[in-house]
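Peer 1: Fold the following and give me the result.
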Amino acid sequence: MDNIFLAFGEILFDIFPDGERIGGAPLNVATHLARLGFDAGMISAVGRDSLGMDAIDVMEEEGVMLDYMTVLDGEKTGRADIRLVDGNADYVFNEPAAWDQIPYHPGSYPRNISCLYCGTLAQRSKANRRVLRFIIHDTTPEMLFFDVNLRKDYYDGQSLRLPLETEGCIVKMNEEEVGIVASALGIEASPSAFLNAFPLTAVLVTEGKRGASIYLQGGKSYHQPVHPCKVVDTVGAGDAFSAGFIAGQMNYFDMVDSMELGSLLASYAVSHRGATPHYDEDLAKALHDFGFHQE
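Peer 2: As a prediction, the model looks like this:
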């Protein structure tokens, strides 16, 4: 089996008054996986504009594979303009964006990959939902990691069911999303209800300062406390946790060690500025203890 990670979804720039920062959960996760030494790539699209070229440059610098990226003429690269509403940040996504039109290239995707990552935001277009279905079929991933990651009203029952109905899916939600998704699907708001309703491997629930819990078929569960750290910036914490957990699973760690690795990366992310802060020597040493060797 090819030890390949592919992330399907949005690439966008958060636009702040003082400049822009590249992001999008799929790219954040792919960046971490590439740093950890995996063959990690994006299945997405950017426009042939300055932001799009910046995105390509960043991915090349981080070692994220570009084999399944598309640059679209006449389309705008994704962006999320940040504005304050009653003191809270509100994200205004441009629509349509290049990542609403991710092309499908039959026969070009590797088969039997270790992990395919997806969320809900990129499924706001029906065309993308159709492409995702084809890619799941083509790549036959050992693990489909579904990071629900709800944004505004860019989701519905179909975008939720497509990944959940895939054999071997691990779904990640925060505590609030559990109730929202359950309501949309007409099931009880509990991890056991999700495990009973769909052919899932596990339900992963992040719980903020209390850490995260994972629920498995057969009634087993495990709670992972947070690693103590000084919180500087929570942006990208969930993506770092996802990346660490996925890296553990791709290296055939058990669920406990995978959760521990996810917590390590999440604590590092929140104690530094930015969604994917560069790794320092202390983190490199900690990762070495898990078997990951930084160049």
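
Peer 1: Now do the strands in the protein.
Peer 2: 2-8, 12-16, 19-23, 39-47, 69-72, 78-85, 88-93, 113-118, 143-147, 169-174, 200-206, 212-216, 221-224 (DSSP state E).

Peer 1: Of those strands, which is nearest I102?
Peer 2: I102 lies closest to strand 39-47 among the strands of the chain, at 5.0 Å (CB to CB). Any C-beta I mention is one placed from the backbone N, CA and C, and that applies to glycine too.

Peer 1: for that closest one, packing partners?
Peer 2: Using 3 or more CB pairs under 8 Å, 6 or more residues apart in numbering; DSSP states H and E as the contact test, the elements touching strand 39-47 are strand 2-8, helix 25-35, helix 50-62, strand 69-72.

Peer 1: Show the pLDDT at E295.
Peer 2: You'll see E295 listed with a pLDDT of 56.

Peer 1: repeat for K230
Peer 2: So, for K230, pLDDT stands at 83.

Peer 1: Contacts only, for it.
Peer 2: S271 (CB atoms under 8 Å, 6 or more residues apart in numbering).

Peer 1: I'd like to know how far it sits from S267.
Peer 2: Distance, K230 to S267, using CB to CB, to the nearest Å: 10 Å.

Peer 1: and the closest residue to L150 other than its chain neighbours, how many neighbours does it have?
Peer 2: Using CB to CB, 6 or more residues apart in numbering and skipping the chain neighbours, the partner closest in space to L150 is E177 (5.6 Å). Neighbouring residues of E177 were enumerated by other CB atoms under 10 Å; the total is 19.

Peer 1: now swap in T140 and tell me
Peer 2: Look at T140: counted by other CB under 10 Å, it has 16 neighbours.

Peer 1: wait, doesn't K209 sit right on H227?
Peer 2: No - shown here, K209 and H227 do not form a contact pair, counting by CB atoms under 8 Å, at 11.5 Å.

Peer 1: Which one of the two is surrounded by more residues?
Peer 2: H227 (16 against 7).
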